[in-house]
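Engineer: Have a look at this prediction, sequence included:
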Amino acid sequence: MQFFGSSEISPSPPAPTASGNNAHMMYVFNRNGVCLLYREWNRPLRTLDAQQDQKLMFGLLFSLKSLTAKMDPTTAEKGNLGVPQLPGQGCSFHSFRTNTYKLSFMETPSGIKLILVTHPRTGDLREPLKYIYNLYVEYVAKNPLYTPGTPIKCELFNTSLDQYVRSIA
Amino acid sequence: MATIYSLYVINKSGGLIFYKDYGSAGRMDTNDSLRMASLWHSMHAISQQLSPISGCYGIELLQADTFDLHCFQSLTGTKFFVVCDTGTQHMEGLLKHIYELYTDYVLKNPFYEMEMPIRCELFDIKLSQAIQKDSVALLGR
């Protein structure tokens, strides 16, 4: 059984409650912190250059995961802060919201991290992120010309991703 | 359902000035709570840097598998954040109420030194009352 169910791309899950513009941007990282994909649809403000921005994003997520695992109020036995966690080990966050954006996060067992930045009133994006992971599996992982660990340059993936994100945001 | 696990108050430099645990299994010792507070302060600041739109004030809500974290930042940079059960409503109202209690019982206390750990008995008492009342009110819904 695949981690997320069938190997076919199932029909789009119902869109979460959202209104207004498209999503802002999307990042995909692998377990080593290499940014496999950075897609930008609507980003009026850019404070850092692309490289720094991606490193900062990865660092933020890594630290937030560490904080969430330690902050978990339901388990008593936790490792020390900063101990590297395996994907799926310990409590992990799935989204955070500020007054200007909402960041939705998903990590797969293979360490692929999917991040989608949308406007603050977006609903729960866990199912759409799973769908996007399925797109990644079909168009990228199964692409014989793609080398794992390198930036994604698959046209079909980009177009189907754009199309899907437009339908949910 | 309306379970509040813990409350942290951090000063504008990121130092922990108040930590109270209301009965979670993951109660932390002093050093850990200090580290968590500083870590949260930094993450809050970095999240402002990564905003695609200008005018970001930092993380207000963090949703995890087993808990939610609501954060309120005052205009002076003091942050109040509460760890509660997933899906708990009206935490923003509670945090604003806690901020009021802070201004009344801590800031107006002539013996309290700014940015230092809070050691005001009345603040503790009123805070416990507010949290109990909130839990009861929310459960009764």
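Structural biologist: Received, thanks. Residues are numbered from 1 along each chain as shown, chains lettered A, B, ... in the order given.

Engineer: rest of the way, CA atoms for contacts and neighbours
Structural biologist: Noted.

Engineer: and the residue of chain A nearest chain B?
Structural biologist: Nearest residue of chain A to chain B: A:Phe93, at 3.6 Å (Cα to the nearest Cα).

Engineer: Just give me the neighbour total for that residue.
Structural biologist: Counted with other Cα atoms under 10 Å in any protein chain shown, the neighbours of A:Phe93 add up to 24.

Engineer: Get me the contact residues on chain A for chain B.
Structural biologist: Contact residues (Cα under 8 Å from any Cα of the partner chain) of chain A with chain B: A:24, A:42-47, A:53, A:56-57, A:60, A:63-64, A:67-68, A:71-77, A:81, A:91-101.

Engineer: Correct me if wrong: A:Tyr38 contacts A:Asp53.
Structural biologist: No. Counting by Cα atoms under 8 Å, A:Tyr38 does not reach A:Asp53; the two are 10.3 Å apart.

Engineer: Among the residues of chain A next to chain B, which ones are in strands?
Structural biologist: Counted as lying in strands by DSSP state E, out of the residues of chain A next to chain B, are A:93-98.

Engineer: ok now do the most centrally placed residue in chain A, which residues does it touch?
Structural biologist: The centroid of chain A falls nearest to A:Leu114 when counting by Cα atoms, centre = their mean (1.6 Å). With contact taken as Cα atoms under 8 Å, 6 or more residues apart in numbering or on different chains, A:Leu114 is in contact with A:26-29, A:105-107, A:129, A:133.

Engineer: hmm, try it at 10 Å
Structural biologist: A:26-30, A:36-37, A:104-108, A:129-130, A:132-133 (Cα atoms under 10 Å, 6 or more residues apart in numbering or on different chains).

Engineer: so, if you compare the residues you listed, which one comes nearest to B:Ile125?
Structural biologist: Set against B:Ile125, the nearest of the contacts of A:Leu114 by Cα to Cα is A:Ser104 (37.7 Å).

Engineer: can you tell if stretch B:118-137 touches chain A?
Structural biologist: No. Using Cα under 10 Å from any Cα of the partner chain, stretch B:118-137 stays clear of chain A, coming no nearer than 16.8 Å.

Engineer: part of a strand, is B:Arg119?
Structural biologist: No. B:Arg119: not assigned to a strand; according to DSSP: H, G, I helix; E, B strand; the rest coil it is coil.

Engineer: check contacts around it.
Structural biologist: Applying Cα under 10 Å, 6+ apart, the residues contacting B:Arg119 are B:17-18, B:106, B:111-113.

Engineer: go on, B:Gly14?
Structural biologist: Taking Cα under 10 Å, 6+ apart, we find B:Gly14 in contact with B:34-35, B:37-42, B:77-79, B:115.

Engineer: among those residues, which two are most distant?
Structural biologist: Counting by Cα to Cα, the most remote pair of these is B:Arg35 and B:Gly77, 18.3 Å apart.

Engineer: So for those two, which residue has more residues nearby?
Structural biologist: Remark: of B:Arg35 and B:Gly77, B:Arg35 carries more neighbours, 16 against 13, as counted by other Cα under 10 Å.

Engineer: name the element the more buried one belongs to?
Structural biologist: helix B:30-49 (DSSP states H and E).

Engineer: Which is the succeeding secondary structure element to that helix?
Structural biologist: Going down the chain from helix B:30-49, the next helix or strand is strand B:59-64, by DSSP H and E.

Engineer: Just list the residues touching B:Trp40, thanks.
Structural biologist: Counting by Cα under 10 Å, 6+ apart, B:Trp40 has contacts A:63-64, A:67, B:10, B:14, B:34, B:46, B:59, B:71, B:79, B:81.

Engineer: Quick check: chain neighbours aside, which residue is closest to the one residue in chain B that gets nearest to chain A?
Structural biologist: At 3.6 Å from chain A, B:Ala64 is the closest residue in chain B, using Cα to the nearest Cα. Spatial nearest neighbour of B:Ala64, excluding adjacent residues (Cα to Cα, 6 or more residues apart in numbering or on different chains): A:Phe93 at 3.6 Å.

Engineer: Now do that neighbour against A:Lys70, distance only.
Structural biologist: Going from A:Phe93 to A:Lys70 by Cα to Cα, to the nearest Å gives 12 Å.

Engineer: tell me which element the closest residue in space to B:Met116 that isn't next to it in sequence is part of?
Structural biologist: Excluding its sequence neighbours, the residue lying closest to B:Met116 (Cα to Cα, 6+ apart) is B:Ile17, at 6.0 Å. Here B:Ile17, judged by DSSP H and E, is contained in strand B:16-21.

Engineer: in its sheet, what does that strand sit against?
Structural biologist: With DSSP bridges as the test, strand B:16-21 is paired with strand B:4-10 (antiparallel).

Engineer: hang on, the residue of chain B closest to chain A packs against A:Lys70?
Structural biologist: No. Using Cα atoms under 10 Å, B:Ala64 is not in contact with A:Lys70, being 11.8 Å away.

Engineer: Great, nothing more from me.
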